[in-house]
Each structure stands twice: as structure tokens, then as C-alpha cells.
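1. Any chance you can model this:
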Amino acid sequence: MKRRTTIITVLLLLLLVPSVIAAPKPKEPKEPKEPKPPKTPNIPKIDIAFTEKATFDVGTVYLGNQEIIDDVLYVQDAITTGVFENGDSPIAGFEIQIILSGILDLNSYAGSGNGRWTFIGQSGTFQGTITGIVSGGIIAGQFVGHGTESFQGQKIKGTFEGSANSINAEITIEATITAKN
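-> As a prediction, the model looks like this:
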């Protein structure tokens, strides 16, 4: 009988040990949470669509790194500047700086490029990226960017097309600025 009592005692201890090990710790009291600030209401976005013209003087182009291989011009970091005409668009009178890299077939005058741009106004700038193509003196492409300083939080995107000759380039952009009201 002593053996039976020992076995029962050992079994009871084995059953109790896991339950003691698995027993959850008592929870510590939580610190009170700070109240959440009220949610800001959704501010509706407004879109401002416009068309604007810009002129670039060929004399304001710095070609950066360039190399001609098999009648193809490879350009890296070409810089050009221009100005948007004084119309009634949100970017009228802004200066433009574009830094492009691309290729141009010197036989067909066809090519493509991409880069960065900045529209510089008195109270802030827009800046972003640009991609485009050239075909026989016709320029076309698209751009996207965002505002800084007083234009912070605004986004701009659009397309452009125009022509270039040995004296200047003229482009027309169609763009939309998206801003919070």
C-alpha cells in the first residue's frame, strides 16, 4: 500500500507542477492612456488645370557630359533654363531649370530622355521628374512633382509638347496642380 500511495502522490505532483508553471502572472495595473486628439476632418482636394507656354533659348543649354558613338549622341546631365510666359496660370512667370540625360540619333533626330526639373517662383518652387521623346524637332513627354515652401503639400503633373530649332525651343504644357482647399 505504501507503494501505491507513493505512486499516487507522484502522479498528483506531476499534475500540479505543469499547472503551477503554466499559471499566468498577475497583471500589473496599466497606466491611464492619454486621450487621443480629435481627428482632423478630411480637407477636400481641389484641382487646378491650366495650360502654359515656356521658351528656352538655345544659348542657355549646358550639355554636361556628352559622347557620340555611331551617330548617336549620349548626353548626361544637360542643363537648360527658361521661363513660363506671363499668362494667368499658377506658374506664370516662374523660371524653369531642367537637368536631362538621354540619347539622340543624329541621323533621324529621334531620341528620348529623362531627368529632374524645378519651377522657381517668388514664394516657393515645384520640383519633380520628367520623361520625354524627341522626333524630328518635335518634343513631347510628361512630368510629375510636388511643391515646396508656400506650395508645400501641392502636387503637379502634366504633359508637354513643342518644337525646337537651332535658336530656341517652345513648349506648351497642360498640367494640373492638386492642393488641399
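
2. All the helices of the protein, residue numbers only.
-> 2-21 (DSSP state H).

3. Low-confidence ranges, it, go.
-> Within the chain, the ranges that satisfy pLDDT under 70 run 1-27, 38-44, 58-60, 86, 166-167, 181.

4. Kindly recompute the last result at 50.
-> Within the chain, the stretches with pLDDT under 50 are 4-6, 10-14, 16-20.

5. Name the residue closest to the centre of it, please.
-> G145 (5.9 Å; Cα atoms, centre = their mean).

6. residues in contact with it?
-> W117, F119, F126, Q127, G128, T129, K155, I156, K157 (Cβ atoms under 8 Å, 6 or more residues apart in numbering). Yep, even glycine has a C-beta here, placed from its N, CA and C like the rest.

7. Report how many residues lie close to the nearest residue to the third one once chain neighbours are set aside.
-> Setting aside the residues directly before and after it, F126 is nearest to F119 in space (Cβ to Cβ, 6 or more residues apart in numbering), at 4.4 Å. The criterion is other Cβ atoms under 10 Å. On that basis, F119 has 27 neighbouring residues.

8. Just list whatever residues bridge to F119.
-> Counting by DSSP bridges, F119 forms beta bridges with I96, F126.

9. Could you do V75 as well?
-> Under the criterion DSSP bridges, V75 forms beta bridges with Q66, G102.

10. Return the distance of it relative to I96.
-> Going from V75 to I96 by Cβ to Cβ, to the nearest Å gives 18 Å.
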